[in-house]
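Student: Need coordinates for the following:
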Amino acid sequence: MDRILRIMVVEDDVLLCQSLEIQIGNAGHCVMGSYGSFNEVQECTRLREVDLAVVDYNLGSGGKGTDVAAWLHEAYSTPCVYLTANAGRINIHAPGTIGLIEKPYSYNCLKLALDFLYRKLLVPPPKAGCPSCLNLSPIYQKAWLTGNSPSTLTH
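Tutor: Residues are numbered from 1 along each chain as shown. Coordinates of the predicted model:
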């Protein structure tokens, strides 16, 4: 890899967050920061440096991951992948939503998804197919199948 994915983690469960940080690092990428609420994300000063946000849907009293993803997309054009047990509550067509990985997930699933997203986000045009554990949004799927860049997407 020429460059690694710089990933923001938004997860309110501290143990899950720490586990995810380790898994992302073991997959060869960098966690730029971990946040447990929408307010914490908004206070971050390094958001322009992030390539991808990995977001849980239910942030407890810290808001909804969908609000975080919408704000990141609008403010910074940062794409989001949900890592959640609440897949039915995610609007996969929402702006900035690349797709989702359902909990529980395996390290292998996460690594395959991150490798795929690395090739899609940082080294287009991609040559490999999407792993079955990553449910892509139809808009990203269509764009990437035609060889387009996510920056040309309209929702």
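
Student: quick one: contacts for Y57?
Tutor: By CB atoms under 8 Å, 6 or more residues apart in numbering, the contact list for Y57 reads 64-66, 82, 84-86, 89-90. Any C-beta I mention is one placed from the backbone N, CA and C, and that applies to glycine too.

Student: Reformat these as TSV; add distance to Y140.
Tutor: Shown next, in TSV, are these (distance: CB to CB, whole Å):
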residue	distance to Y140
K64	21
G65	17
T66	16
Y82	13
T84	17
A85	22
N86	20
R89	19
I90	14
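
Student: By pLDDT, give me the weakest of the residues you listed.
Tutor: Lowest pLDDT within the contacts of Y57 is found at N86 (88).

Student: how many other residues sit next to that residue?
Tutor: 16 (other CB atoms under 10 Å).

Student: Count the residues that sit near the nearest residue to S106 once chain neighbours are set aside.
Tutor: Leaving aside its sequence neighbours, S106 sits nearest to C133 (CB to CB, 6 or more residues apart in numbering; 7.8 Å). Residues within reach of C133, counting by other CB under 10 Å, total 17.

Student: ok, C133 to S61 distance?
Tutor: Distance from C133 to S61, counting by CB to CB, to the nearest Å: 29 Å.

Student: now for the helix or strand where I24 lies, which elements pack on it?
Tutor: I24 is part of helix 14-26 when elements are defined by DSSP states H and E. Applying 3 or more CB pairs under 8 Å, 6 or more residues apart in numbering; DSSP states H and E, we find helix 14-26 packed against strand 6-10, strand 30-35, helix 107-121.

Student: Give me the helices and strands touching the shortest one, please.
Tutor: Taking 3+ CB pairs under 8 Å, 6+ apart as the contact definition, the neighbouring helices and strands of strand 6-10 are helix 14-26, strand 30-35, strand 52-55, helix 65-76.

Student: Alright, calling it a day.
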